[in-house]
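Visitor: With the input below, show me the fold.
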Amino acid sequence: LSLPVAAAADWFNAETVTIEPGMLTLGTHHVPINPDGSAEINYGGKLFERFPVIPLVDVLRHRGANNGFEKFKDKFVLLGGISLGTGDTKATPLDEQSPGVIKQAAVLDNLIHQRFILDAPFWVSCSVALALAFLSITIILVVRSPFVEIGWPLLLFVTFFVLPGWLTVSSHVHVLTVMPSLAGTLASVAGTVFNHFFAEKERE
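Guide: Presented below is the predicted three-dimensional model:
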């Protein structure tokens, strides 16, 4: 078992840990995952924004004080090097270089609170791609404006990277972005070509 899974299993007093398509089970605690057994880590922010970080020297200073360790009561405490030069740095979606302990902390948090980012079913992404392609070609063919022919694909491309990002943050579900935006863009190009071909025929 990895460190976060072992810690979570201990927290839930799990005697067994099982993995099956779409579900990781720690005793009686169920964690939704992807059908292939994977799951994307939901970091929820950078290390210093997401989790309290307490220097070890502060712990040693207050080890003799009354209630010096109250802040650790009923908490998970992960020890890790965060100083420059420790070499334990990882890249995350939010930071190019972050202390490696953030990965362990985020996975543990995801396991306990069921916060992993999961992939939307492939048919959902395909349906969105078809809908965008249909919408794009309809707009291009109906409006028949050079501004729309140029502006709509750009707007579509930008918007469809913003909306799935918002969906991922708000619902922890990841919808494919490249395929739908590419489908809409190609449909827009096809509609534009057809418009100009049709216009040329009209002129003739």
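Visitor: distance of residue 144 from residue 33?
Guide: Here the distance between residue 144 and residue 33 works out to 48 Å (C-beta to C-beta, to the nearest Å). Where C-beta positions appear, they are placed from N, C-alpha and C, glycine not excepted.
Visitor: who's in contact with residue 29?
Guide: By C-beta atoms under 8 Å, 6 or more residues apart in numbering, residue 29 lies in contact with 8, 12, 14.
Visitor: hang on, the earlier thing: more neighbours: residue 144 and residue 33, which one.
Guide: residue 33 (21 against 15; other C-beta atoms under 10 Å).
Visitor: can you pull the contacts of the more buried one?
Guide: 19, 22, 23, 24, 39, 116, 118.
Visitor: Go again with 7 Å.
Guide: Applying C-beta atoms under 7 Å, 6 or more residues apart in numbering, we find residue 33 in contact with 22, 23, 24, 39, 116, 118.
Visitor: can you count the residues close to residue 58?
Guide: Counted with other C-beta under 10 Å, residues neighbouring residue 58 total 10.
Visitor: gap between it and residue 99?
Guide: Using C-beta to C-beta, residue 58 is found at 17 Å from residue 99.
Visitor: same thing with residue 123?
Guide: Applying C-beta to C-beta, the value for residue 123 to residue 99 is 39 Å.
Visitor: Who has more neighbours out of these two?
Guide: residue 99 (21 against 8).
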